[in-house]
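1. no sequence on this one, just coordinates:
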């Protein structure tokens, strides 16, 4: 409810709300795939008021739909924010090639064509021979 009140105040042009965010120049959002509609409205409003936006997220890791998160926020990000650059980080430093391949295959089958393409690659741990 607090976020909704801030969004409404910003949309209405309330001087106190505008003053509160007036110096905001950069907005970083982590786990963007789990943003709910109220949070997305606030992010969009702050961006509209001039804040540069940087988001980090992975549609494969969207786990908060039960509390209103909408994975389409990240899936449609570039359409809503034209000119946004997308940078993939395909290297997985935590898992073996077999685990990365199995996880990617499973998620692709579960999420289908709407999923963002990633082509993940495993980085074999140093000192181990994996063939």
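-> Thanks, I have it. Quick caveat: nothing in here was measured; it's all calculated off a predicted structure. Numbers count the residues shown, from 1 in each chain.
2. show me where the protein has strands.
-> All strands of the chain, identified by DSSP state E, fall at 26-29, 52-55, 91-92, 121-122.
3. quick one: list the elements packing against the first one.
-> What that stands for is strand 26-29. Counting contacts by 3 or more CB pairs under 8 Å, 6 or more residues apart in numbering; DSSP states H and E, strand 26-29 packs against helix 37-48, strand 52-55. Just so you know, the C-beta spots here come from the backbone N, C-alpha and C atoms, and that holds for glycine as well.
4. between the strands of the chain, which one is closest to residue 101.
-> Of all the strands of the chain, strand 121-122 sits nearest to residue 101, with 7.7 Å by CB to CB.
5. give the contact list for residue 6.
-> Residues in contact with residue 6 (CB atoms under 8 Å, 6 or more residues apart in numbering) are 17, 42.
6. where's it relative to residue 53, distance?
-> Distance of residue 6 to residue 53, computed by CB to CB, to the nearest Å: 17 Å.
7. quick one on the thing from earlier: deepest of the helices and strands packed on strand 26-29, which one?
-> helix 37-48 (a mean of 17; mean count of other CB atoms under 10 Å).
8. show me what that helix is packed up against.
-> Where contact means 3+ CB pairs under 8 Å, 6+ apart, helix 37-48 is packed against helix 2-12, strand 26-29, strand 52-55.
9. export the ones you listed as TSV, with columns for distance to residue 78.
-> Converted to TSV, the helices and strands packed on helix 37-48 look like this (distance: least, CB to CB, whole Å):
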stretch	distance to residue 78
helix 2-12	23
strand 26-29	15
strand 52-55	11
